[in-house]
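Asks: Sequence first, then the predicted structure:
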Amino acid sequence: FFYPQTPLFPYLYGIWCKFAGFTWESARALSAIFSILIGIILFKFLKSKSSKIIASILFLVFTFSGMNIAWLVTIKPYGTSAFLILILYILMEKKITRPLQIVFIGFIIGLLFNIRSYLVVIGLIPSFLIFLSKEQFSTKLKQFLLLAFGAFLTLLPHIYWILKDFDVYYFNNIGFHLMRSEDSSAELAQGKLNVLYYLLGINSNIKFEGFQFSILVWSWIICFLQSVLKKKLPSLAWFFCLLIFIISFVPSPAWLQYFSVALPLLIICFYELIKEWPATIKLSSCIALLLYTTYTGSIDFNSYTNTGEGVHGIYETNLEASRIKNIDQISKKIDEYVSPGDKVVSVWPGYLFESHAEIYPGMENQFWIRVENQLNDDQAKRYRVMTLRALQEVVRKQQVKLLIIDLHKAGRFFPRKILQKSGYKEIAKLHNVLFYVH
């Protein structure tokens, strides 16, 4: 079905859940594992460059960072992407000469593309390093081919999907992103400018707690100025962050969460900035960063686990329905009214994740809302994307027994007149979620 990412991410979590169980907790556990692995690798790397105490403090900075709490441990591609980027950086830090090492680097780049396609731009770094090396042309060519071969191994699923239906493949991976926003060019530009202001700490944003990430961003900027004064190139970590920042501004609209994948590399850049400072000042700087990060991180943690304040998409009307324990209750309530395998209409498919019912075709992904009015009926059917007109037709024809309606979305998607004329009646209300049956 329609999913606006390259193929690997949904399959990665699908395979994991096949063994660990299709529950919110098991899916989040995989994200947590990636976050933990990032922390361990970051600690070991920094320990090899500095002292155990500095590495431990910066490990805690990563752990309590709002970007980690909010995005790297959620069921989104950020944690997986950040993990792969850090692995790639660690590999590139070493002198790579063996053919299998180069193939593996290409393989990691390919995996990045499969998880979050635009991050393939990170592959420019090993490509440039090969190009700028002092090796003979024949050696460089061989290394390029090995790099390409490693990446190609991960692209085999793409060949299958392209041959199966190129039009659907194009829409899922590119077409959707080109039409997902109806904002004008000026509005999109202003949105990107706002993101830049938030990153630099110039503007505050309730969805972007404190200035902990801004401190790391400014450390990265100062690293560049430091390199200019010393008349030398910035570090490899600095270039990794540069490409991440540039490519993360490309999507329209751009969101702050896109930059979360740079967090481990920004912490490395922070260390590179202070590594030559006197030991006392260096330790004090790390402790100060940790204390501030812990303070603001605790606010983020409370927002994402309790109050919902500042969390994107969370309002007073849907706060209770957004808690995992309450979602589980809604899923069990659904099972009371339908049999296993029955189709159910719900604008947000998450209510059916642990239910024995199935989501109505075309509603597997709530992102259909962003593009439904730009697709004709044939396109919507081919891409398996629900449209508002098709949804209301489903209701009129009573094609499903049960409708799950979020109270704050009821008027837009399910006008009361249509519900009444179609014979649907409200039979239950749980956490501001309405249950309608005919």
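Replies: Here it is on my side, so go on. Residues are numbered from 1 along each chain as shown.
Asks: What strand or helix carries the nearest residue to Y118 once chain neighbours are set aside?
Replies: Once flanking residues are discounted, Y118 sits nearest to I247: 5.1 Å by C-beta to C-beta, 6 or more residues apart in numbering. C-beta coordinates here come from the backbone N, C-alpha and C atoms, glycine included. Using DSSP states H and E, I247 sits within helix 236-248.
Asks: in that helix, what counts as buried?
Replies: Burial within helix 236-248, assessed by neighbour count using 16 or more other C-beta atoms under 10 Å, is assigned to L236, A237, W238, F239, F240, C241, L242, L243, I244, F245, I247, S248.
Asks: of all those, which comes closest to L290?
Replies: A237 (19.6 Å; C-beta to C-beta).
Asks: Now the closest one. Nearest residue, chain neighbours left out?
Replies: Nearest non-adjacent residue to A237, counting by C-beta to C-beta, 6+ apart: I268, 4.4 Å away.
Asks: A27 versus the one you found, what's the distance?
Replies: As judged by C-beta to C-beta, to the nearest Å, I268 and A27 stand 29 Å apart.
Asks: which one of these two has more residues nearby?
Replies: I268 (28 against 19; other C-beta atoms under 10 Å).
Asks: Can you give me every residue that contacts the residue nearest to Y118?
Replies: Residues in contact with I247 (C-beta atoms under 8 Å, 6 or more residues apart in numbering) are Y118, L119, V121.
Asks: Recalculate using a threshold of 10 Å.
Replies: Applying C-beta atoms under 10 Å, 6 or more residues apart in numbering to I247 gives the contacts R116, Y118, L119, V120, V121, I122, L124, Y258, V261.
Asks: Quick check: the gap between it and P264.
Replies: The spacing between I247 and P264, counted by C-beta to C-beta, is 17 Å.
Asks: do W277 as well
Replies: Look at W277 and P264: by C-beta to C-beta, they are 21 Å apart.
Asks: more crowded one of these two?
Replies: Taking other C-beta under 10 Å, W277 and P264 do not tie; P264 has more neighbours (28 against 12).
Asks: Make sure I have this right: that one is in a helix.
Replies: Yes: under DSSP: H, G, I helix; E, B strand; the rest coil, P264 sits within a helix.
Asks: wait, it sits on Y78?
Replies: No: counting by C-beta atoms under 10 Å, P264 stays clear of Y78, with 11.4 Å between them.
Asks: which neighbours do the two share?
Replies: Residues touching both P264 and Y78 by C-beta under 10 Å, 6+ apart: M67, N68, L72.
Asks: May I have the secondary structure class of K18?
Replies: On the three-state scheme (three-state DSSP), K18 is labelled helix.
Asks: Pull the number of nearby residues for it.
Replies: By other C-beta under 10 Å, the residues close to K18 number 9.
Asks: Equivalent analysis for R412, please.
Replies: By the measure other C-beta under 10 Å, the count of residues near R412 is 11.
Asks: Please identify which helix or strand holds it.
Replies: Take DSSP H and E as the rule and R412 turns out to sit in helix 410-413.
Asks: next one: that helix to chain centre, how far?
Replies: 28 Å (C-alpha atoms, centre = their mean, to the nearest Å).
Asks: Kindly export that helix (C-alpha atoms) in CSV.
Replies: The C-alpha trace of helix 410-413 is given here as CSV (Å, rounded to 0.1, in the frame of the first residue of the first chain):
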residue,chain,number,x,y,z
ALA,A,410,-15.8,14.5,12.9
GLY,A,411,-17.1,17.5,11.0
ARG,A,412,-14.4,17.4,8.2
PHE,A,413,-14.6,13.7,7.4
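Asks: ok, residues contacting that helix?
Replies: For helix 410-413, the surrounding residues in contact (C-beta under 10 Å, 6+ apart) are 317, 345, 347, 369, 386, 388, 391-392, 395, 403, 405-406, 416, 419, 432, 434, 436.
Asks: can you do 7 Å?
Replies: V347, L388, L391, L434 (C-beta atoms under 7 Å, 6 or more residues apart in numbering).
Asks: I'd like the average pLDDT over it.
Replies: Averaged over helix 410-413, pLDDT sits at 84.
Asks: Thank you kindly, that will do.
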